[in-house]
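Enquirer: Quick one, structure for this:
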Amino acid sequence: MHIAKSRSARLVTLLSVATAAGATGLSGIPDPNPRLTGISAPILLAPGLRQSIVAEGSTPLENPSPGFGYYGFNDDGPHVPVAGALPAAGAPVIEATKTEPDKNTYLVLPGLHGADPGYDYGTHFLFQGHENGAGGHSFISRVNLDADGAHRVSLLATVDSSGAALPTIDGSTWDPFARQLLFTAEGNGTATGGVWQASPDVPSTVVSLAGALGRGGFEGVQVDPAGNLWIVEDIGGSTVAGARVANSFVFRFVPKNRMDLTRGGRLQALQIVKLDGSGPIVFDATHALTQDLKDLHTYGNVFESRWVTVHDTDVDGTAVFNANALAKAKGATPFKRPENGLFRPGIGFREFYFTETGDTSATTTAGSDFGGFGGVMKLTQFAPGADRGKLTLFFKGDLEHTAFDNMAFWDVNHAVFVEDRGEGLHTAANALDSGWLLDLRANYANSAAQPVRIIAGGRDGLATLDAGFVGMPGFQNDGDNELTGIHVSDGDPGIGGLLGARVPRPFQDGWRVFYTQQHGENATYEIFDEDRDDHDHGGGHHAW
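Expert: Predicted structure coming up:
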């Protein structure tokens, strides 16, 4: 959406935010969009920015498969309910199931194909897994950014190499060592959740890695320069005394052969030592307001960290296992729903930041002090493969800044975090989701340091309609829009293109910015700097 302002009236662009000496004095968007019954709201961007849709829910797949015909809709109903239609228990659905494209991964790859053998699909691609689907089944899509409408979105896969239907997918990234896309799914036990690798062309070959990484509530996934996978897990714990028990872990997978993840390796979980050094902070099923949780969410505390092996395929074999249960058994440290994590760019992969979503409740008894509103953790190690490090709280969430989910680094000193509050918290706080810019040099323990809102998430017409149906018997879709998939990349598929290797330069040298507004229309956007006319989309490095 273009926010019309004269050049003289503009405040700062996001580019100036990224390059300024500090976050003080920068202007963003003062307020979120309110949640008003029956009222839709436009997405607002920081002054000086504009955006355009690269794909939306009604965009047809160029190669549809039974049940999968559109980017954001399954084929089990109309895109919009017919006049007078109301959901009812046991009745047919009144609208199609929304597929909810999630985390974006941008790549510049030559030589990819599609369903049309005579068509040139270009070199610029945006990949997603979809977080929802009829019957719990999902798919992998590829937005062909250089293509026309008929070839704009390709369906890569709906099943894995064994013929099993793909589950609903959350995270994604590119592994330049294995030359595979990686997709994660939230779940637990032995039947759901896990990591899948997928080739980027049509048709994609998708392989489950559950024998090596197990099942878990896996979401954010990244690759470090040694070829290790860093995975953050999101499993909401049971509610005790008005707050959720910390129940999710941060994992690192050390492969035997970084070129072939199917050969197995060691799955490790992050363990944090108590402040007094008396032992590790471990899972507590009966208390949600422990002193350890309060210590973890207190500015200035510095914790010793170490990695503990929870599964080794050389020792334990390749039978599918419950990664969450093993992490608990091995004494790893649980967090309040971590969802995504990234390495700070340009500093040798020595700092890893990960988000906590928290309880997504305005009435949580955990409040800010016990992680009820989530936040951002910072893990510092001498090298990404080190066994020990230090953990500190970088940002403590509150009711205004909460439910942090996806994140992306804007430059070496700034990162963007988008919220996933959910409808209950939208209603309680009268605020739709926001995207926040945080300065990594700021001391957020000082109330004078505040994040800058650069996206005020909106609510499109379909999401507004759905919000009126949520909770009615027989209705299967979510209501309010959610911000997700914030992604800043130059698309380099080589090892030098690992997220965290180089300092991003949005809108320059091929660096591009994407995000998705889930639910409703399910549109994915690209953000542009309004002052630039060249919008360099070349960039990227084509090194395989």
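
Enquirer: Who are the contact partners of R388?
Expert: Neighbouring residues of R388 by C-beta atoms under 8 Å, 6 or more residues apart in numbering: E304, S305, R306, W307, Q381. Using the backbone N, CA and C atoms, a C-beta is placed for each residue, glycine as well.

Enquirer: run the last query once more with 6 Å
Expert: Contacts were defined as C-beta atoms under 6 Å, 6 or more residues apart in numbering; by that measure R388 touches R306.

Enquirer: any idea how far L267 is from it?
Expert: The gap separating R388 from L267 is 18 Å, by C-beta to C-beta, to the nearest Å.

Enquirer: Can you list phi and psi of E423 for me?
Expert: Dihedral pair for E423: phi -60, psi -40, per degrees, to the nearest 10.

Enquirer: ok, how many other residues are close to the closest residue to T286 other than its chain neighbours?
Expert: The shortest distance from T286 to any non-neighbouring residue, by C-beta to C-beta, 6 or more residues apart in numbering, is to V240 (6.5 Å). Counted with other C-beta atoms under 10 Å, residues neighbouring V240 total 15.

Enquirer: cool, and D276?
Expert: Taking other C-beta under 10 Å as the neighbour definition, D276 ends up with a count of 7.

Enquirer: pretty sure it is in a strand, no?
Expert: No. D276 is assigned coil when assessed by DSSP: H, G, I helix; E, B strand; the rest coil, not a strand.

Enquirer: Tell me the confidence at it?
Expert: Here the pLDDT value assigned to D276 is 96.

Enquirer: separation between it and F303?
Expert: D276 is 11 Å from F303, by C-beta to C-beta.

Enquirer: Show me the helices in the stretch 101-250 of the chain, by range?
Expert: Along the stretch 101-250 of the chain, counting by DSSP state H, counting those that start in this stretch, helices occupy 210-213.

Enquirer: Tell me which residue lies nearest the centroid of this structure.
Expert: Nearest residue to the geometric centre of the chain (C-alpha atoms, centre = their mean): N406, 3.6 Å.

Enquirer: ok, now which ones touch that one?
Expert: Each residue near N406 by C-beta under 6 Å, 6+ apart is listed here: N340, V418, T484, G485, I486.

Enquirer: Pull up the pairing partners for the strand or helix carrying the last one, direction included.
Expert: This points to I486. Counting by DSSP states H and E, the element that carries I486 is strand 482-489. The pairing partners recorded for strand 482-489 under DSSP bridges are strand 512-518 (antiparallel).

Enquirer: For the strand or helix carrying T309, list every residue counted as buried.
Expert: Assigned by DSSP H and E, T309 belongs to strand 303-312. Buried residues in strand 303-312, counted by 16 or more other C-beta atoms under 10 Å: F303, S305, R306, W307, V308, V310, H311, D312.

Enquirer: With pLDDT and distance to I281 added, can I get those in TSV?
Expert: Formatted as TSV, those follow (pLDDT from 0 to 100; distance: C-beta to C-beta, whole Å):
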residue	pLDDT	distance to I281
F303	98	8
S305	98	10
R306	98	12
W307	98	14
V308	98	12
V310	98	16
H311	98	21
D312	98	23
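
Enquirer: out of everything not next to it in sequence, what's closest to V310?
Expert: L326 (4.1 Å).

Enquirer: Let's verify that neighbour: helix, strand, or coil?
Expert: Following three-state DSSP, we place L326 in the helix state.

Enquirer: What is the burial count for it?
Expert: A count of neighbours around L326, defined by other C-beta under 10 Å, yields 20.

Enquirer: Then the one 3 residues further on?
Expert: A total of 12 residues lie near A329 under the criterion other C-beta under 10 Å.

Enquirer: Regarding T427, which helix or strand does it belong to?
Expert: Using DSSP H and E, the element containing T427 is helix 422-429.

Enquirer: Now that helix - C-alpha only, CSV.
Expert: Provided in CSV are the C-alpha atoms of helix 422-429 (Å, rounded to 0.1, in the frame of the first residue of the first chain):
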residue,chain,number,x,y,z
GLY,A,422,-4.1,-13.9,17.9
GLU,A,423,-7.7,-12.8,18.0
GLY,A,424,-8.1,-13.0,21.8
LEU,A,425,-5.2,-10.6,22.4
HIS,A,426,-6.3,-8.4,19.5
THR,A,427,-9.6,-7.9,21.3
ALA,A,428,-8.2,-7.5,24.8
ALA,A,429,-5.7,-4.9,23.8
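
Enquirer: For Y71, which non-adjacent residue is spatially closest?
Expert: Closest residue to Y71 in three dimensions, ignoring its sequence neighbours and counting by C-beta to C-beta, 6+ apart: T59, at 4.3 Å.

Enquirer: What values do phi and psi take at that neighbour?
Expert: phi -60, psi 120.

Enquirer: Check the gap between it and F354 for me.
Expert: Distance from T59 to F354, counting by C-beta to C-beta: 32 Å.

Enquirer: Looking at those two, which is more packed in?
Expert: For T59 and F354, the more surrounded residue by other C-beta under 10 Å is F354, and the numbers stand at 25 against 21.

Enquirer: a helix runs through the more buried one, doesn't it?
Expert: No. Assigned with three-state DSSP, F354 falls outside any helix and is strand.

Enquirer: what about the nearest residue to it once chain neighbours are set aside, which SS state?
Expert: Closest residue to F354 apart from its sequence neighbours, by C-beta to C-beta, 6+ apart: G341 at 3.2 Å. Of the three states, G341 takes strand under three-state DSSP.

Enquirer: okay, now G341: neighbour count?
Expert: As a burial measure, G341 scores 22 neighbours (other C-beta under 10 Å).

Enquirer: Equivalent analysis for A383, please.
Expert: For A383, the neighbour count with other C-beta under 10 Å is 13.

Enquirer: How about L399?
Expert: Look at L399: counted by other C-beta under 10 Å, it has 16 neighbours.

Enquirer: give the contact list for H130.
Expert: Residues counted as contacts of H130 (C-beta under 6 Å, 6+ apart) are T99, E100, P101, S138, F139, I169.

Enquirer: how far away is the third one from A467?
Expert: The reference is to P101. Note on P101: its distance to A467, by C-beta to C-beta, is 20 Å.
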